[in-house]
Every structure is written in structure tokens, then in C-alpha cells.
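S.K.: Next input, structure requested:
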Amino acid sequence: MTPISRSQFKLVVQLIFWTLFLLLFILLEYVLNDELRENNIKVNTISRFVFDAIIFYFHYKYLSRLLLSQKKYLLYIASITVILFLAILEEMLFYSIYLKGGTYNISLSSRLFVEFMTTCVLIISSGAMYFSSEWVDAKHKEEILEKNNLKLEGELKFLKGQITPHFLFNILNSIYSLSYKNSPKAALMVDNLSKIMRYLIYEGAKNRVYLSKEIKLIQDYIRLYGTRFTTDNNIDFYHENILPHHKIAPMLLISFVENAIKHSDIYNNKNAWVKLEFILEDNTLFFTAKNSKPTNKNRILSNNIGNQNVIKQLQYIYPNAHSIEIKDNINDYNLKLTINL
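M.R.: This next block holds a predicted model:
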């Protein structure tokens, strides 16, 4: 239901209510005051109808919204008491002006009781209409939020779906190059790959995983690629205060790590380096990924291109809960990520 149609629906409901109320009101006036002059009936009906409308919308617009929905019950009860008193006073004034000394079908006390009950019906109807309207609006907002969440979830799955094949392709390409050379390291890489695949299958589909497991994945990944080097001393890996209970969205950090290793040209340059740092303070993760750049300008690729996918995921998963700083210098690339877990 669109905002316009909902507004029209509310208007139609109120028109139906007031039409029925007015018909019932006129009927009661003629039944209770059959010997009153016609003009007095009209004056009374119009004045009291306006008075009742004021009560209805004052309760609808102010008392229900500002007091009842805010659980200010004492002030609400006091306000209702004042309204009932004014309604009875209005009935007594009508009696003294139009009915005193005349003929009428019921006593003053009975008329006051009818007025009291009529006002109560107005108040209850007004409150019911207000909270029904709020419920309809809340359901509408919930539907919009659910649609937006489904859209974001679909986009997020699409982004994750792009990362995993790309991630596996790079690993398989490395294994292929070693297998082609009949290197015994290929078997070790396959073993490490099986661990990573197990993580992707059982943990990658979750909304959150333990940070310690994500760190372990990164270590396995570095170990896997380390089999291609004569030494892994050019990869500096450091973590601090990683506690068992902290969780993070899966496959976020590994993408930055993969990008840093890939663009450092560490496979071809023995002087290339990568520095990775994970520090947890309270509930905030400080992640840093630094890498050297190839000395051969023809081999230089921008890290930003590979990181854009992950940055979009961060915007979906941690809106207003993360910050990222990137410095693309001449000789190195520096990425600093802060996430409020």
C-alpha cells in the first residue's frame, strides 16, 4: 500500500465513522427531544457535533500520540478526566438553555449518562483509530525494510560470489604452475587448499564467524602461498589480543591480504615485502595491510581495483561502523581498516 493510498484509506475510514456517528447522533436527539423546536434541534446537533469532533481529534492527534503511546498514563488519565468533565458540563449547559421548563423524554441524569458514554465511545474509537493507523504504518515500514534488506542481501551475495571464484582461481593457478614443474610443493599446496575449501564451505556462508577462525584462514592462506617462495620472511604477520568470542563477517580480511600479496610482486622480486597487522582493542579491530610495489613499472597494478568489491561489502555489512584509509604511494601501498565489531 503506497503512502497516498494509505492516506486515502485513513480518510475514507474517518468519513465512514463520522457519517455513522452523525446519523446516530441525530436519531438520538429526535428520540430524546421529540417536542423540541426544530431549530433548537439543529443548533444543538451542530454545536455538539463540533464539540465531539474536537474531542475526537484532540485525543487522536495529541493524547494518543504524546501521552498514551509514550506511556504517560497518569497525565493521560488526568486529561481524559478533564475531557469527560467538559462533556458533562456541555450537556448541562444545553439542558439549562434548551430543556429547562420544557418537555423531554428522559431525566437530566440519564442524559448525562448518555453523554458520558458517548464521550467514552469517541475516546475509545479515536484511540483505536490512532493505534490501527500506527500499526498499518509500522507494517508498511517493515515491508519496505524487508524489501531493502532482501535487495542488500542479494547484492552482498553477488559480491561474495565474485570474491570466492577469483580467490580460488588464483590458488589453483599457483598449484597448476607447481604441478607443471613437477614440484613436490604442489601436494602441500593441495593440502592447504583443502583446509581453505573446508572453511569456505562451512564458514563462508555464515553472517558472522569467529575472528580467530578468520585469522587462522589467513595463516593457512599465507602458508599456502609460502610454498612458492624460498622463504616467507618477507611476509610479516602480526596479531594481538584476538580473543575467542569476537566475531566478524567472513572473507573480508582475506581479500585484502590476497590483494596485498598479489600486488607486492613477491613471487618475482626477492626484495618485495608484505606487512599484515591485526590488533583488537575492546570491541574494535585495527587491521593494516602494507605491501611494496614492483620496481618494474610494467608490472604495477592498482590495489584499489581489487579492493573495491570488499569496500562495497563493508558498506553493506558495517554501515557507520567502519572506516578505511588508503594511501597509494609511489613505492608502497598502505591500507588501514577499523571495524567496530
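S.K.: which residues in this structure form helices?
M.R.: 3-32, 38-58, 73-94, 108-180, 185-202, 211-226, 253-263, 303-317 (DSSP state H).
S.K.: Taking helix 253-263 as reference, get the angle to the fifth one.
M.R.: With axes from the mean of the first three to the mean of the last three CA atoms, to 10 degrees defining the directions, helix 185-202 sits at 150 degrees from helix 253-263.
S.K.: Counting by contacts, list what helix 185-202 packs against.
M.R.: Packed against helix 185-202 by the contact rule (3 or more CB pairs under 8 Å, 6 or more residues apart in numbering; DSSP states H and E) you find helix 108-180, helix 211-226. Every residue, glycine included, has its C-beta placed from N, CA and C.
S.K.: Please work out the average pLDDT along the first one.
M.R.: If I follow you right, that is helix 108-180. Averaged across helix 108-180, the pLDDT comes to 69.
S.K.: What of stretch 82-93?
M.R.: 80.
S.K.: buried sites along stretch 316-327?
M.R.: By neighbour count on 16 or more other CB atoms under 10 Å, the buried set for stretch 316-327 is Ile317, Tyr318, His322, Ile324.
S.K.: right, I mislabeled it, should have said stretch 119-127
M.R.: Buried, per 16+ other CB under 10 Å, within stretch 119-127: Thr119, Leu122, Ile123, Ser126, Gly127.
S.K.: quick one: low-confidence parts of the protein?
M.R.: 1-7, 9, 25-45, 94-108, 110, 147-189, 225-233, 296-306 (pLDDT under 70).
S.K.: ok so, going back, present the buried residues of stretch 316-327 as a markdown table; the columns should include distance to Asp265.
M.R.: Output for the buried residues of stretch 316-327, formatted as a markdown table (distance: CB to CB, whole Å):
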| residue | distance to Asp265 |
| --- | --- |
| Ile317 | 31 |
| Tyr318 | 31 |
| His322 | 29 |
| Ile324 | 23 |
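S.K.: what's the most distant pair in those?
M.R.: Farthest pair in the buried residues of stretch 316-327 (CB to CB) is Ile317 and Ile324. Separation: 12.8 Å.
S.K.: Can you give me the neighbour number for Tyr73?
M.R.: Residue neighbour count, defined by other CB atoms under 10 Å, stands at 10 for Tyr73.
S.K.: measure the nearest residue to it once chain neighbours are set aside to Phe58 for me?
M.R.: With CB to CB, 6 or more residues apart in numbering as the measure, Leu67 is the residue that lies nearest to Tyr73, at 7.9 Å, once sequence neighbours are left out. From Leu67 across to Phe58, the span is 11 Å (CB to CB, to the nearest Å).
S.K.: cool, Val257 as well?
M.R.: 63 Å.
S.K.: More neighbours: which of the two?
M.R.: Comparing Val257 with Phe58 by other CB under 10 Å, the one with more neighbours is Val257, at 22 against 15.
S.K.: which residues sit in contact with the more buried one?
M.R.: Ile218, Tyr221, Ile222, Leu276, Ala289 (CB atoms under 8 Å, 6 or more residues apart in numbering).
S.K.: Can you give me the domain boundaries for this protein?
M.R.: Using automatic domain parsing, the domain ranges for the chain come out as 3-144, 183-340.
S.K.: winner for burial among those domains?
M.R.: domain 183-340 (a mean of 16; mean count of other CB atoms under 10 Å).
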